[in-house]
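> Build me a model:
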Amino acid sequence: MSGTAAIRAAALVTMTALATACQPSPEEDTGASTRSWAAPPTASATAPAPTATASPSPVTAANTAAVCAEVDKLIIAKSKEIAADSAAATRRDLTPEQINDQVKANLADLADDVRRQAARAQDPEIKALVTDAARRIDVGAKSSAPVTWLSASFVEIPQRLARECRA
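Numbering: from 1, shown residues only. Below is the predicted model:
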């Protein structure tokens, strides 16, 4: 595959992954999801995923809404930036390595921003949820193939946050 074809393929994968990540899943449309970020259950997996049991206090609920809204904004803004950078890469002579470095830097910035929001969260469950999202984004930033990571793993992060990061 030529360098230009590889760049275009990487940009297409990136844009597709980011567009998919921002769409509600069928479970979200029906409100029937209990899926976690873990791999789908296998025949040997019998333990159910942990669920939130305690209601946050009114003060925490207000903080939760603010934290969750800010995390949503951060993910959407950085996703748009990554997609725009990937589209621009098709017009420039960037190597696949340069594209990977750019995506890694964007993901590292996003993880830092999400981590700052986790520090603001007063509800321990929301703090843990948002901290885990930042940790997962860090995995992508450190990945040897961040564009592939976007389509394989990133798409789950906004979907889980949309389900569970609510007051």
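> where in the protein is pLDDT low?
1-62, 167 (pLDDT under 70).
> And stretch 152-167, what's buried?
By neighbour count on 16 or more other CB atoms under 10 Å, the buried set for stretch 152-167 is 153-165, 167. Every C-beta, even on glycine, is put in place using the N, C-alpha and C of the backbone.
> Let me fix that, I meant to ask about stretch 114-122.
Quick answer for stretch 114-122 (16+ other CB under 10 Å): 114-115, 117-118, 121-122.
> Tell me the one of these nearest Ala145?
Proximity of the buried residues of stretch 114-122 to Ala145 (CB to CB) peaks at Val114, which lies at 21.2 Å.
> I figured the closest one was touching Asp132, is that so?
No: with contact defined as CB atoms under 8 Å, Val114 does not count as touching Asp132 (9.8 Å).
> Please identify which helix or strand holds Ala87.
Using DSSP states H and E, Ala87 sits within helix 58-91.
> I'd like to know which elements the helix or strand just after that helix is packed against.
For helix 58-91, the following helix or strand on the C-terminal side (DSSP H and E) is helix 96-120. With contacts defined as 3 or more CB pairs under 8 Å, 6 or more residues apart in numbering; DSSP states H and E, helix 96-120 has these neighbours: helix 3-21, helix 58-91, helix 124-142, helix 146-149.
> Restrict the last one to CA atoms and write it as CSV.
Below are the C-alpha coordinates for helix 146-149, written out as CSV (Å, rounded to 0.1, in the frame of the first residue of the first chain):
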residue,chain,number,x,y,z
PRO,A,146,-3.8,4.4,18.1
VAL,A,147,-5.9,4.7,15.0
THR,A,148,-6.8,1.0,15.3
TRP,A,149,-7.4,1.5,19.1
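> residue contacts, the residue nearest to Ile82 when sequence neighbours are not counted?
Counting by CB to CB, 6 or more residues apart in numbering, the nearest residue to Ile82 once its immediate chain neighbours are dropped is Asn106, at 5.0 Å. Going by CB atoms under 8 Å, 6 or more residues apart in numbering, Asn106 touches 78, 81-82, 85.
> Against which helices or strands is the helix or strand harbouring Arg163 packed?
Take DSSP H and E as the rule and Arg163 turns out to sit in helix 156-164. Packing contacts for helix 156-164, counted by 3+ CB pairs under 8 Å, 6+ apart, involve helix 3-21, helix 26-30, helix 58-91, helix 124-142.
> Counting neighbours, show which residues of the last one come out buried.
Pointing back at helix 124-142 there. For helix 124-142, using 16+ other CB under 10 Å, the buried residues are 125-127, 129-134, 136-138, 140-141.
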